[in-house]
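Visitor: What shape does this take:
(one chain, ligands or ions: 1)
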Amino acid sequence: MKQSTFRLFIVLATISLVGIIVIQIFWVSKAFDLKEKQFNQSVQIALKNVAEKILLYNNNASMLLNPVDRIASNYYIVNVNDMIDANILEMYLKVEFEHKGILADFEYAIYDCRNDELVYGNYASTAKRTIDNVKRTELPKLKRRTYYFGVYFPNRDEYLLGQLDIWIFSSIVLLVVVVFFAYTIFVILKQKRLSEIQTDFINNMTHEFKTPIASIAIASEILMNPQIIQTPERLLNYATIIHNENKRLKNQVERVLQMATLDKENFKLNREIIDVHEILQRVIENMQATFKQKNAHVELQFSPTPVQVYADSLHLTNIIYNLLDNAIKYSNENPHIILQTQNENKYGVIIVQDNGIGISPQAKKLIFNKFYRVPTGNVHNVKGFGLGLYYVKIMVEAHRGSIKLESEVGKGSKFYIYLPNRKT
Ligand code: ADP
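Guide: Below is the predicted model of the structure:
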């Protein structure tokens, strides 16, 4: 799929999902409003009926016009203006609420009309048919006065939400769909990035292998010419080209194979106490030809005291080789490399500093990733697979060490390798 089509697909899919979520929220709030209205209406009718029944019970023939006042969303006052028997009131309330299908718990209180004083209060659960008394007060001997009562629904919102079960269920299903969708997009993006990296790697590798193969092909073709015997220096020259290019190919294949071992995560470290200076000297000696060819100057700033680390000598050699190789590869002209060693607490420290092209802060976060190379467009002037630093990081961490990088674009880079100096 083309990059732009893919992006359009993701944007459209996200917009549709957001749309569905907004519609769902809209309908759920609508459903809640409706339930709230129904609840309020039912409560008002039930309370009016209760008031009328109380009057009937008291043999009071007067008519109540609008006895119910809604004080708050979950609190109602009913002006009976007559005697109220608490037991009778509670029974009527329960019967009427049940009749209206209101199964929410409630509190009710009886007030004296003259001074608004509370004379009785109780909590009633509709779940149980028994009366649960929060304030189990003895029923006061109500004097022959007029009273009104209030009804309060403490769990009204929870009760209403409980009525929206189908809506809540559909919202949960929608949430699960959204989570799966987001996860799928995440996986697709990750796979896409991986496949891009792999394509890059294959392009890089093909390019790296093509040059030596072409050189070998040309040199061997020339060698096949019987005339060449007459010019032994040309013969030697072409044989050397084949030999060197072959060595280069071998190194590259080895690097790729090295990575394959890393991937299996079952590489074995043969760790021992090693003298860092010795290893560094050896690597430098082996790289002399490269330094000469690139006109590189290597300055040694070794610690006056020996620096020892508990490491696998083969892997430590590769780590140093990779860092020095990069220091040369990513420098413009006349690389100046400073190789430093230090002892720091429980660690032996190796520092490789160059005056090369440097690394931007964004790239800094990525250069230890597998196959990552700082983009240079399609220019392949510096060869590599983006595996060297990945190898360095994995290995240093396998040694229970750490790596630090300081770099500034245009000025150069400084890699710090910390390795434990005793058995860990
Ligand atoms: P490779 O050199 O094979 O591309 P590495 O993993 O060794 O792979 O390096 C990853 C990337 O980090 C390189 O492509 C390069 O862009 C950047 N890099 C590594 N070392 C240096 C350095 N010393 N100076 C500047 N850039 C560097």
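
Visitor: how many other residues sit next to the residue in the stretch 51-200 of the chain positioned nearest to the ligand?
Guide: Residue nearest to the ligand within the stretch 51-200 of the chain: residue 200 (10.6 Å; Cβ to the nearest ligand atom). Where C-beta positions appear, they are placed from N, C-alpha and C, glycine not excepted. Using other Cβ atoms under 10 Å, residue 200 has 16 other residues around it.

Visitor: On the C-terminal side of the helix or strand harbouring it, identify the next helix or strand.
Guide: Remark: residue 200 resides in helix 165-223, with elements defined by DSSP states H and E. The element immediately downstream of helix 165-223 (helix or strand, assigned by DSSP H and E) is helix 232-264.

Visitor: check contacts around the residue of the chain at minimum distance from the ligand.
Guide: The chain approaches the ligand most closely through residue 384 (2.2 Å), counting by Cβ to the nearest ligand atom. The contact partners of residue 384, by Cβ atoms under 8 Å, 6 or more residues apart in numbering, come to 204, 208, 329, 373.

Visitor: how close does it sit to residue 290?
Guide: 14 Å (Cβ to Cβ, to the nearest Å).

Visitor: if we can go back for a sec, out of the contacts of residue 384, give me the two with the largest separation.
Guide: 204 and 329 (13.7 Å; Cβ to Cβ).

Visitor: hang on, the earlier thing: quick one: pLDDT of the residue of the chain closest to the ligand?
Guide: Per-residue pLDDT puts residue 384 at 76.

Visitor: any idea whether it is helix, strand or coil?
Guide: coil (DSSP: H, G, I helix; E, B strand; the rest coil).

Visitor: if I look at the residue lying closest to residue 332 once chain neighbours are set aside, how far off is residue 364?
Guide: Leaving out its chain neighbours, the residue that sits closest to residue 332 by Cβ to Cβ, 6 or more residues apart in numbering is residue 357, at 6.6 Å. Distance of residue 357 to residue 364, given as Cβ to Cβ: 13 Å.

Visitor: Likewise for residue 124?
Guide: 68 Å.

Visitor: Likewise for residue 40?
Guide: Taking Cβ to Cβ, one finds residue 40 at 63 Å from residue 364.

Visitor: Ok, residue 52 next?
Guide: 81 Å.

Visitor: Against which helices or strands is the helix or strand that contains residue 389 packed?
Guide: Using DSSP H and E, residue 389 sits in helix 388-398. Helix 388-398 makes packing contacts with helix 232-264, helix 313-329, strand 402-408, strand 412-420 when contacts are defined by 3 or more Cβ pairs under 8 Å, 6 or more residues apart in numbering; DSSP states H and E.

Visitor: Could you give the separation of the longest one from the chain centroid?
Guide: Think helix 232-264. 42 Å (Cα atoms, centre = their mean, to the nearest Å).

Visitor: Can you list the buried residues in it?
Guide: The neighbour-count check on helix 232-264 (16 or more other Cβ atoms under 10 Å) flags 238, 241, 242, 245, 248, 249, 252, 255, 258, 259, 262 as buried.

Visitor: could the residues you listed be laid out in TSV, adding distance to the ligand?
Guide: Shown next, in TSV, are the buried residues of helix 232-264 (distance: Cβ to the nearest ligand atom, whole Å):
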residue	distance to the ligand
238	29
241	23
242	24
245	18
248	14
249	16
252	10
255	8
258	12
259	10
262	12
